[in-house]
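Q: return a 3D structure for these sequence lines:
(one chain, ligands or ions: 2)
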Amino acid sequence: MLSVRNLTVTVQTGRKSVPVVDDVSFSVGRGEAHGLVGESGSGKTLTLRAVPGLLPHGTRLDSGRIFLDGEEVTAMSRRRLRAVRGRRVGMVFQDPMTALNPVMTVGEQIAEAPMVHFGWSRRAAGRRAIELMREVGIPEPERRARAYPHEFSGGMRQRVGIAIALSCSPGLLLCDEPTTALDVTVQEQILELLRNLRATGEVAILFVTHDLAVIAELCERVSVMYAGQIVETGATAEVFRRPRHAYTLGLLRSAPDPRAARCRLVALPGLPPDPADPPVGCRFHPRCGFSDDACRADRVYRLRRVDGHRSACVHGEAVADA
Ligand SMILES: Nc1ncnc2c1ncn2[C@@H]1O[C@H](COP(=O)(O)OP(=O)(O)OP(=O)(O)O)[C@@H](O)[C@H]1O
Ligand SMILES: [Mg+2]
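A: Ligands and ions are numbered 1, 2, ... in the order given. A predicted model of the protein is given here:
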């Protein structure tokens with residue numbers, strides 16, 4: 001479905017071009033949910049935004065290739081990319097308000113993409129919009145389709161955001177912290193909606209979050225990012241049960257049981273490095289209780305397969321036994 005190969009994204013700081021996503025590779029299978037987790041600034045959002053070619057101003061795709069259904073996104077014309085973005089990739093962001101147009105009714109906004117991309121009539125697209133509103137759990141959809149975003153609560157707006165993202169039945173849904181801005185009970189409802197969507201098996205999801213519990217619940221695969229790199233990746237159950245990277249272990253230990261409670265990430269001791277001047281060797285070594293000289297060796301970063309999953313930690317065995 002989605003394959004990201006050696007993605008590097010840079011930001012320009014003064015005269016220097018600094019990699020903030022550094023040689024990242026992963027894939028998401030059809031109907032599969034893949035979580036990207038890591039501390040603030042680790043490069044999750046930029047990785048996700050690179051997929052539909054929506055890197056923000058000030059950042060640049062430096063190298064790497066991205067394939068969607070075998071077709072190279074990174075080689076597409078702008079026009080082709082726009083079509084792919086609307087039709088085959090849906091996007092749900094943290095703040096639903098930024099994605100909505102304040103002066104258009106909700107129904108019109110949900111109907112828009114199918115009209116543009118499939119040439120549907122206003123009536124047909126309008127009927128589909130109401131159906132979608134029902135599917136995402138908006139009560140009285142016929143009436144509420146005529147309302148404007150400001151008449152909706154935060155949770156209802158995020159449902160609208162999800163309905164828009166699903167309006168062209170995309171094969172891939174990109175979610176960037178879709179519940180972070182919502183209060184806890186509403187978060188729960190949105191997650192329930194995403195879980196139900198998962199259960200249909202019709203859409204693959206790339207899910208960016210700080211929340212390990214959400215990943216444990218929603219994603220069968222996970223990639224852990226640290227300082228722009230994937231440091232561990234594999235089946236979520238396995239990675240969380242027996243992490244093989246000291247950073248993943250730290251994340252899991254700093255959170256209450258990620259399977260039991262919905263939890264925020266408690267900060268690990270220390271700070272992630274300045275992307276302009278990362279430590280030589282493993283970028284996590286200055287914060288790591290397992291580190292020794294091997295971790296400070298130049299070019300030590302390499303994902304190695306151990307058992308079922310891959311980790312870049314040279315002390316993976318010790319971490320797994322810890
Ligand atoms: N538009 C931008 N211009 C310059 N630098 C940026 C821009 N967007 C992100 N960065 C930098 O790139 C790095 C990665 O940012 P990114 O937003 O991908 O992190 P993140 O993992 O999503 O963090 P968070 O959990 O806080 O959302 C950070 O150091 C950030 O400061
Ligand atoms: Mg982010």
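
Q: burial count for Leu249?
A: Residues within reach of Leu249, counting by other C-beta atoms under 10 Å, total 21. Any C-beta I mention is one placed from the backbone N, CA and C, and that applies to glycine too.

Q: now do the contacts for Ala83.
A: His117 (C-beta atoms under 8 Å, 6 or more residues apart in numbering).

Q: equivalent analysis for Gly270, please.
A: By C-beta under 8 Å, 6+ apart, the contact set of Gly270 is 286-287.

Q: give me the distance between it and ligand 1.
A: Per C-beta to the nearest ligand atom, to the nearest Å, Gly270 is found 16 Å from ligand 1.

Q: same deal with Gly154?
A: 18 Å.

Q: one more: Val18?
A: Going from Val18 to ligand 1 by C-beta to the nearest ligand atom gives 8 Å.

Q: doesn't that residue fall inside a helix?
A: No: under DSSP: H, G, I helix; E, B strand; the rest coil, Val18 falls outside any helix and is assigned strand.

Q: who does it form a beta bridge with?
A: Val11 (DSSP bridges).

Q: that one touches Thr8, doesn't it?
A: No: at 10.7 Å, Val18 and Thr8 do not qualify as touching, with contact defined as C-beta atoms under 8 Å.

Q: next, Pro56: phi, psi?
A: phi -70, psi 160 (degrees, to the nearest 10).

Q: up against ligand 1, what does the stretch 201-322 of the chain have?
A: 210, 275 (C-beta under 6 Å from any ligand atom).

Q: of all residues in the stretch 201-322 of the chain, which one is closest to ligand 1?
A: At 5.2 Å from ligand 1, Pro275 is the closest residue in the stretch 201-322 of the chain, using C-beta to the nearest ligand atom.

Q: and the helices in the protein?
A: In the chain, the helices defined using DSSP state H lie at 44-50, 78-88, 96-99, 106-118, 122-135, 141-144, 154-166, 184-200, 212-218, 236-241, 246-254, 316-321.

Q: residue contacts, the residue nearest in space to the middle of the chain?
A: Nearest to the geometric centre of the chain sits Val208, at 2.8 Å (C-alpha atoms, centre = their mean). The contact partners of Val208, by C-beta under 8 Å, 6+ apart, come to 35-37, 44-45, 47-48, 175-177.

Q: can you narrow those down to the ones near ligand 1?
A: Filtering these for proximity to ligand 1 (criterion: C-beta under 6 Å from any ligand atom) leaves 44-45.

Q: now the contacts of Val208 in a markdown table, with neighbour count and pLDDT?
A: Below are these laid out as a markdown table (neighbours: other C-beta atoms under 10 Å; pLDDT from 0 to 100):
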| residue | neighbour count | pLDDT |
| --- | --- | --- |
| Gly35 | 26 | 97 |
| Leu36 | 26 | 97 |
| Val37 | 26 | 96 |
| Lys44 | 25 | 97 |
| Thr45 | 20 | 96 |
| Thr47 | 26 | 98 |
| Leu48 | 22 | 97 |
| Cys175 | 27 | 96 |
| Asp176 | 20 | 95 |
| Glu177 | 19 | 93 |
